[in-house]
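K.L.:
Any chance you could fold what I've pasted below:
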Amino acid sequence: MDEDYNGGVPSLVATTYSWTKAANIFYLDQPVGTGFSYARTPLAEKPSDTRQAEQVSDFVRKWLVDHLEFLSNPFYVTGDSYAGLVVPGIVQQISKGNEQGSKPRVNLQGYALGNPATDARFDGNYHTQYAHGMGLISDELYESLKRSCGENYISPGNSECINLLQDYDKCVSRLFDEFILIPNCEISLRTFPPQRRYLRGAVDGNLSVPGLDCYERRRSLIYYWANDESVHRALHVTNGSIGTWVRCRRDIPYEAAYRTT
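P.N.:
Numbers count the residues shown, from 1 in each chain. Here you go, the predicted model:
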């Protein structure tokens with residue numbers, strides 16, 4: 001993206017590094033209220049992990065009824081972030097339907113997760129194990145952390161644990177959490193027109209915009225792309241159905257039902 005970028009619609013660029021030569025993909029905004037999705041009537045019950053699994057399973061079968069030409073295609077469920085908790089439940093629900101003879105049968109082959117959450121606490125207690133396994137911290141620091149913190153790194157209970165966690169932060173703070181092969185980056189403040197103030201981090205029109213070499217830049221630019229009227233028309237988004245598109249809707253009443261032990 002050009003350094004003089006001023007808040008217009010970002011351009012999409014084709015890549016030659018595709019993993020597949022051909023693939024049929026549909027994207028589903030779930031639960032209702034996220035992304036471009038909306039409800040015509042009030043929801044009968046509060047959205048939840050289990051409700052998502054049921055709704056997505058029903059949707060997939062209904063979609064295949066209307067698109068029988070895809071019925072024999074290998075089917076995979078994918079998702080990232082919080083979907084790491086929900087996608088396995090969706091796969092289980094689809095699989096259970098297949099076993100019970102639900103029609104049409106989904107040619108379910110598996111699922112894939114990107115940067116997933118795997119427990120209700122967003123894996124906070126597993127960052128240290130991961131950092132050790134990836135060689136980001138020493139064996140000595142890892143063993144000291146386990147001994148002093150009792151493998152509870154979210155709510156340290158003593159000063160030694162707190163001090164060791166500070167040492168841990170020094171080792172990993174300059175790495176991007178979600179892609180440790182690249183460094184963290186500085187977020188610079190740029191001023192854009194008032195109508196562009198929906199970007200997260202906006203303060204009096206000053207928007208947090210990562211630099212060109214920053215991985216976070218793509219997350220910032222998607223707000224401009226997804227909220228542009230021409231994009232809405234191309235995606236057949238119903239006019240007036242949503243307000244501002246946001247990447248993560250955290251204000252929806254939601255029951256987190258899935259837990260790990």
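
K.L.:
And the helices in the chain?
P.N.:
Secondary structure of the chain (DSSP state H): helices at 49-66, 83-99, 127-133, 139-149, 159-172, 217-226, 229-234.

K.L.:
Residue 12: which of those helices is closest?
P.N.:
With C-beta to C-beta, the closest approach to residue 12 among those belongs to helix 217-226: 8.0 Å. In short, each C-beta sits where N, CA and C put it, glycine included.

K.L.:
mean confidence for stretch 156-163?
P.N.:
Stretch 156-163 shows a mean pLDDT of 92 in the predicted model.

K.L.:
do the same with stretch 238-249
P.N.:
Stretch 238-249 shows a mean pLDDT of 86.

K.L.:
just stretch 180-193 next, same as before
P.N.:
On average, stretch 180-193 scores 60.

K.L.:
next one: stretch 94-102
P.N.:
Per-residue pLDDT over stretch 94-102 has a mean of 97.

K.L.:
Touching that stretch from outside, list them.
P.N.:
57, 60, 61, 77, 105, 106, 108 (C-beta atoms under 8 Å, 6 or more residues apart in numbering).

K.L.:
Relative to residue 138, which of those is nearest.
P.N.:
residue 77 (38.5 Å).

K.L.:
Pull out the buried members of the contacts of stretch 94-102.
P.N.:
Applying 16 or more other C-beta atoms under 10 Å to those, the neighbour count classes 57, 60, 61, 77, 106, 108 as buried.

K.L.:
give me every residue that touches the residue positioned nearest the centre of the chain.
P.N.:
Closest residue to the average C-alpha location of the chain: residue 81 at 3.6 Å, with C-alpha atoms, centre = their mean. Contact analysis of residue 81 by C-beta under 8 Å, 6+ apart lists 114, 115, 116, 117, 248.

K.L.:
Could you count how many residues lie near the nearest residue to residue 158 once chain neighbours are set aside?
P.N.:
Sequence neighbours aside, residue 148 is the residue nearest to residue 158 in space, at 6.7 Å (criterion: C-beta to C-beta, 6 or more residues apart in numbering). Applying other C-beta atoms under 10 Å, we find 17 residues neighbouring residue 148.
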